[in-house]
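Enquirer: take this sequence and fold it.
(chains A and B)
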Amino acid sequence: MLFLLPAAFFFLLYLVVPIPVSGYYSLFKWDGIGTLNFIQLDNWKRLLSDDVFWLAVSNNFKLVIISIIGQIPIALILAVLLTRKLSGVNFFKTVFFIPMLISSVAVAFLWRYMYDPTFGLINAVLEGIGLESWALSWLGDTGVVFYSIAIAVCWRFIPLYMIIFMAAISGISEQLYEAARIDGASPFQSFWKITLPLLLPTMINAVVLVIVGSLKYFGMVYALSGGGPNHASEVMATYMYTKSFTELRMGYGSTISLSLFLIAFVVSVFFLALTKRSIRD
Amino acid sequence: MRKKMIMLGMAFAMFCLLLFSGLALARTTLVVWDIMTESNQYYPAFDAANARFRELYPDVELKHVPIQNDNYKTKLRTAMAADNTPDIFMTWGSAGLKKYVDNNKVYDLTDDLSKEWQARFAPAAMGLGNFDGRQYGLPITNTAVSLLWYRKDMFEKYGLTPPQTFEELLAVGQVLKQNGITPFALANKNKWTGSMYFMYLVDRIGGPGTLQKALNRSGAFNDAPFIEAGQKLQQMVDLGFFPKGVNGLDEDTGQSRALLYADKAAMYLMGSWFVGVVKLENPAIMDKMDFVVFPAVKGGRGNPGNLVGTFGDLYFSISADSEHKEAALNYLKLISDDTMAQELVKAGCIPPLTGSAKYIDDPVLQKVAEIAQRAESVQLWYDQSLPLELTQVHLNTTQALFDKSITPEEAANKMEATAQEYFGK
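Expert: As a prediction, this is how the structure comes out:
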């Protein structure tokens, strides 16, 4: 018990205490430096009618869906392939894990140069194969920018789930596959009947990680577009950052960050409750 | 036994470490924050100054922390809010610095400014660091005015002359466009870059008083010149004068200049620091570059000699709670001395330091200095002359003008609504 104390102390100080403190700050108009002006629930009223905030919320949920659809299946396929005893598999394990090893900002810069409308790799390839009309301005077009960023985010996080699935797959007893083989099951059947069901708890955990991660995501959105142009790629965290640190509206920023916490909390609790029931059934 | 020995050894090492770190703490540590990263055009001058300081004051440990432009502003604000300020910090003077002054975060330099030291600085540049007659920030760099740069060779190739009026500008742009060249290099993710077009159009249409009147509330931010400026801007957008995806391109990573260097764009509305940037990035292209001032608008009230920019760009200040004011003052004296002026000129800067003019031998820089001196009015960048709340709205609405997600009227009305909220009437 005593060993937990240091960890518990820092956990409380840096993760739990800030939540009520943000709640307190959300009742003030405050530039972070000067005096606090008590304005009751004005920040919250403002938030409810703030179009940009709701745009950010919807972008966050879009990111959740794109990440679940984009990251989990690809990570699963890669994990299944890389846990097979093929030659050269170690090389590919390393290669596919690289995106996870590069820092978010560096990854963002890689993508920024690839997305450059005039000099970028993507448009050069599209123009090379005669698809000029597909060569968009990936980060400048308000209709496209969010998806461009979502793809880059998926690219970076697939390896994380790949490693999680690989660990889970290597935990599945070899005897099950042997028995299946003796009974004449095809590799495809043993995937559907053995690997997938046994991976389900791991997948549910992965999905929870994706949901929470996407709801509070900040890094690459900030580095690629800063939430722009014209808020098109705004997510809650970038909006909170802009309000608090660029516009110095700490009170309103606290309001946004507390609502981010509430939304992420409610969604993950709801999802966990839902999946717990379905596993039991 | 062996284990014990190792433990003892480690304990001793730890003891020594603590002792030395204690000694190191006893030395004066002077922390300086600025934007002089290695990719900054003035880095060589500041690097040399830091080396000189370390040599002159061996008992002071100089901790120089350079941070990139846009991140710097955020980092400084956060540090100010958290009372965790460096000894010396840099601002762009004006409203940004005043906010810290109002909250007693900045050391008042007035009494330390001896006559000789005061005389080092160009009086026109001191104003932005001076509030209520007290000096809080000292201008080290530079006369920076926004100018219309163009590629001489490309203009010659298509038989063009630099535009004197807005109509000529439209004609020139269309010729370039027909030849597959983007008229303007611009990266507008950063927003202040696109703001230059807007500020100049407002000045040319309504004259320098337009903004002043809006700010002192005898006018408004939705007065005709602001709307007309927005319309003219969108006229250029409609004609395809700006690069594809302009609002997604990043000035800090040079995505605008890349177009200019690769012969894909012919003009660039940018501050005169561009000279230093080109010298660092692509010296060969400087011979092909020249500039004119922003063209006049027919029937407009602004004198086409008026400029947008500043006489002093970067201001250095000392924090109020710095414990090493003497060392900090020595540092400020060193970065405003004659050697520094010389180094800055070498890096393509027109320093607001007395006597630096004689070092300027670059013809382009000489021309910039002349034009700046002749200008009847130099409008300070909006993002420094406006209060923070209005600055953000100005930057956001202007960026939105570039992708036409807002009309000039909506942009102007939004500005005015924010101004009314801010000024309380």
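
Enquirer: quick one, what contacts the nearest residue to residue A:83 once chain neighbours are set aside?
Expert: Spatially, and ignoring its direct neighbours in sequence, residue A:83 is nearest to residue A:169 (4.7 Å; CB to CB, 6 or more residues apart in numbering or on different chains). Using the backbone N, CA and C atoms, a C-beta is placed for each residue, glycine as well. Listed by CB atoms under 8 Å, 6 or more residues apart in numbering or on different chains, the contact partners of residue A:169 are A:79-80, A:83, A:195, A:199.

Enquirer: what is the burial count for residue B:424?
Expert: Applying other CB atoms under 10 Å in any protein chain shown, we find 6 other residues in the vicinity of residue B:424.

Enquirer: equivalent analysis for residue A:207, please.
Expert: By other CB under 10 Å, the residues close to residue A:207 number 20.

Enquirer: chain A against chain B: which residues are in contact?
Expert: Proximity of chain A to chain B (CB under 8 Å from any CB of the partner chain) is limited to residues A:31-34, A:109, A:112, A:115-119, A:136-142, A:145, A:225-226, A:228-230, A:245-248, A:250.

Enquirer: buried among the residues you listed? Make that a PyMOL selection.
Expert: Paste this into PyMOL to select the buried members of the residues of chain A next to chain B, with burial taken from 16 or more other CB atoms under 10 Å in any protein chain shown:
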select buried, chain A and resi 31+32+33+109+112+115+116+117+118+136+137+138+139+140+141+142+145+225+226+228+229+230+245+246+247+248+250
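
Enquirer: out of the residues of chain A next to chain B, list just those in helices.
Expert: Among those, DSSP state H puts A:109, A:112, A:115, A:145, A:250 in helices.

Enquirer: now the residues you listed as TSV including pLDDT?
Expert: Listed next are those as TSV, based on pLDDT from 0 to 100:
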residue	pLDDT
A:109	90
A:112	91
A:115	92
A:145	92
A:250	89
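
Enquirer: what about the helices in chain A?
Expert: Going by DSSP H, chain A shows helices at A:4-11, A:18-25, A:42-48, A:51-82, A:89-101, A:104-115, A:121-128, A:145-170, A:174-182, A:187-190, A:196-215, A:219-224, A:236-241, A:250-280.

Enquirer: please apply the same query to the stretch 1-150 of chain B.
Expert: Secondary structure of the stretch 1-150 of chain B (DSSP state H, counting those that start in this stretch): helices located at B:2-26, B:43-56, B:69-81, B:94-102, B:115-118, B:123-126.

Enquirer: could you tell me the least trusted of those?
Expert: Ranked by mean pLDDT, those bottom out at helix B:2-26, which scores a mean of 61.

Enquirer: doesn't residue A:218 make contact with residue A:153?
Expert: No - using CB atoms under 8 Å, residue A:153 makes no contact with residue A:218, being 10.7 Å away.

Enquirer: for those two, indicate the residue with more neighbours.
Expert: Between residue A:153 and residue A:218, residue A:153 has the larger neighbour count (other CB under 10 Å), namely 26 against 15.

Enquirer: now for the residue lying closest to that one once chain neighbours are set aside, how many residues are close by?
Expert: Nearest residue to residue A:153, sequence neighbours excluded (CB to CB, 6+ apart): residue A:220, at 5.5 Å. Residue crowding around residue A:220 was assessed by other CB under 10 Å; the count is 22.

Enquirer: again with the one 3 residues further on
Expert: A count of neighbours around residue A:223, defined by other CB under 10 Å, yields 20.

Enquirer: distance of the closest residue in space to it that isn't next to it in sequence relative to residue A:102?
Expert: Among residues not flanking residue A:223 along the chain, residue A:108 sits closest, at 3.4 Å (CB to CB, 6+ apart). Distance of residue A:108 to residue A:102, given as CB to CB, to the nearest Å: 10 Å.

Enquirer: more neighbours: which of those two?
Expert: residue A:108 (22 against 13).

Enquirer: thought the more buried one was touching residue A:225?
Expert: No - assessed by CB under 8 Å, residue A:108 is found out of contact with residue A:225, at 9.3 Å.

Enquirer: give the residues shared as contacts by those two.
Expert: Contacts common to residue A:108 and residue A:225, judged by CB under 8 Å, 6+ apart, are absent.

Enquirer: give me the phi and psi for the residue in the stretch 151-281 of chain A positioned nearest to chain B.
Expert: Nearest residue of the stretch 151-281 of chain A to chain B, counting by CB to the nearest CB: residue A:229, 3.4 Å away. Note on residue A:229: backbone dihedrals following degrees, to the nearest 10 are phi -70, psi 140.

Enquirer: count the neighbours of residue 129 for me.
Expert: Using chain A here. 8.

Enquirer: wrong chain, I was asking about chain B
Expert: By other CB under 10 Å, neighbour count at residue B:129 equals 26.

Enquirer: could you measure from it over to chain A?
Expert: 19 Å (CB to the nearest CB, to the nearest Å).

Enquirer: skip the chain neighbours and tell me the closest residue to that residue.
Expert: Nearest to residue B:129 is residue B:137, by CB to CB, 6+ apart, at 3.0 Å.

Enquirer: below-threshold pLDDT in the stretch 101-250 of chain B: ranges please.
Expert: Nowhere does the stretch 101-250 of chain B drop to pLDDT under 70.

Enquirer: show me what from it comes close to chain A.
Expert: Applying CB under 8 Å from any CB, we find that the stretch 101-250 of chain B lies next to chain A at B:102-103, B:105, B:188-189, B:243-250.

Enquirer: contacting residues around the closest residue to residue A:219 other than its chain neighbours?
Expert: Nearest non-adjacent residue to residue A:219, counting by CB to CB, 6+ apart: residue A:104, 3.7 Å away. By CB under 8 Å, 6+ apart, the contact list for residue A:104 reads A:156, A:219-220, A:223.

Enquirer: same question for residue B:88.
Expert: By CB under 8 Å, 6+ apart, the contact list for residue B:88 reads B:30-33, B:316-319, B:322, B:328, B:331-332.

Enquirer: try 6 Å this time
Expert: Applying CB atoms under 6 Å, 6 or more residues apart in numbering or on different chains, one finds that residue B:88 lies in contact with B:32, B:318, B:328, B:331.
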